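Colleague: Below are the sequence and a predicted model; questions follow.
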Amino acid sequence: MSAEYTRSAFRWRDGKLTLAKMDAPLDIVWSRPLPGGSEPSTVTVSKDAAGRWFVSLLIEETITSLAPVERAVGVDAGITALATLSTGEKIVNPRHERRDRRRLAKAQRALARKEKGGGNRAKARLRVARVYARIADRRRDHLHKVTTRLVRENQVIAVEDLTVRNMVSNRSPARAISDAAWRELRSMLEYKAAWYGRTLVVVDRWFPSSKLCSTCGALRDKMPLNVRTWECPCGAVHDRDVNAARNVLAAGLAES
Ligand SMILES: [Zn+2]
């Protein structure tokens, strides 16, 4: 559920928000500081499935493009790592995510055991929603840091279009979280690249990024998922994900 308040329905004074018909300002825990001197034009109050209240403010701001840089990067989406860069760097999942995922699986199993319509089932469902909300919060925070850094450091960022993966993947909780993280990462890269004058290139989803040797260009027939490193007849030894990220970068640069 959510409610929207336009400018006449709230008061904003010294960083304190008071909604119409309320005597005192709301007691808000801010997720990030507001830009100095900014005035919200719309306020949205909502409650999530975990029973937490949120206030979001729409603020108009002028964003200046960053100075151009020479660097470009390819990004490969992972399951164990969040993403692998063409530079060889692996961006890991946020701290505690592995533990939170185990908790989520446990809460989901407990929910599955509860009888339909019972009070315990509602409680179990709320527990699942809370664990999921915590994972999502930590992940979003982490993704903001990662995407801001990628956009600052690089002029061109190449990513793979992974829509096809969703059709063939099994829907394990870990997998669903990885896919959601990737979609969120991509959408953040999209709007931040647009804000700061960078180019995001989305490489065709049929591009064989993991089967191609990034050194000599030879294409392999097969690349089973369990193969993490491999050697090409040309002598190059590849980390699977780094090689894929390099190919995504090359294809992205060719396209842009
Ligand atoms: Zn090769």
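Modeller: Okay, I see it.
Colleague: Enumerate every residue touching the closest residue to residue 70 other than its chain neighbours.
Modeller: Spatial nearest neighbour of residue 70, excluding adjacent residues (Cβ to Cβ, 6 or more residues apart in numbering): residue 155 at 6.7 Å. The C-beta positions use only the backbone N, C-alpha and C, and glycine is treated the same way. Neighbouring residues of residue 155 by Cβ atoms under 8 Å, 6 or more residues apart in numbering: 68-72, 198-199.
Colleague: do the same with residue 184
Modeller: Contacts of residue 184 (Cβ under 8 Å, 6+ apart): 139-140, 143.
Colleague: For it, pull up the helix or strand it's in.
Modeller: Per DSSP states H and E, residue 184 falls inside helix 173-196.
Colleague: buried ones in stretch 24-41?
Modeller: Buried residues in stretch 24-41, counted by 16 or more other Cβ atoms under 10 Å: 25, 40.
Colleague: how far does that stretch stretch from start to finish?
Modeller: Start and end residues of stretch 24-41 are separated by 20 Å (Cα to Cα, to the nearest Å).
Colleague: Would you mind getting the angle between the helix or strand where residue 123 lies and helix 173-196?
Modeller: For residue 123, the host element (DSSP H and E) is helix 119-153. Between the axis of helix 119-153 and that of helix 173-196 there is an angle of 40 degrees, by axes from the mean of the first three to the mean of the last three Cα atoms, to 10 degrees.
Colleague: The helix or strand following helix 119-153 pairs with which strands?
Modeller: Per DSSP H and E, the first helix or strand lying C-terminal to helix 119-153 is strand 156-160. Next to strand 156-160 in the sheet, as set by DSSP bridges, lie strand 72-77 (parallel), strand 199-203 (parallel).
Colleague: can you tell me which residues contact the closest residue in space to residue 228 that isn't next to it in sequence?
Modeller: Closest residue in space to residue 228, ignoring its immediate chain neighbours: residue 240 at 5.3 Å, by Cβ to Cβ, 6+ apart. Residue 240 is in contact with 210, 223, 227-230, counting by Cβ under 8 Å, 6+ apart.
Colleague: Could you report the separation of residue 240 from residue 39?
Modeller: With distances taken as Cβ to Cβ, to the nearest Å, residue 240 is found 50 Å from residue 39.
Colleague: And residue 229, by the same measure?
Modeller: 54 Å.
Colleague: same check, this time on residue 26
Modeller: Distance from residue 26 to residue 39, by Cβ to Cβ: 16 Å.
Colleague: what's the answer for residue 221, then?
Modeller: Applying Cβ to Cβ to residue 221 and residue 39 gives a distance of 60 Å.
Colleague: Could I get the contacts of residue 240 in a markdown table, plus columns for secondary structure, distance to the ion and neighbour count?
Modeller: What follows is the contacts of residue 240, written out as a markdown table (DSSP: H, G, I helix; E, B strand; the rest coil; distance: Cβ to the ion, whole Å; neighbours: other Cβ atoms under 10 Å):
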| residue | secondary structure | distance to the ion | neighbour count |
| --- | --- | --- | --- |
| 210 | coil | 13 | 20 |
| 223 | coil | 13 | 17 |
| 227 | coil | 15 | 12 |
| 228 | coil | 17 | 10 |
| 229 | strand | 14 | 11 |
| 230 | strand | 10 | 15 |
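Colleague: Just send those back as CSV, with pLDDT too.
Modeller: Below are these laid out as CSV (pLDDT from 0 to 100):
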residue, pLDDT
210, 89
223, 87
227, 89
228, 91
229, 94
230, 95
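Colleague: can you give me how far stretch 56-75 is from the chain middle?
Modeller: The chain centre lies 16 Å from the centre of stretch 56-75; the measure is Cα atoms, centre = their mean, to the nearest Å.
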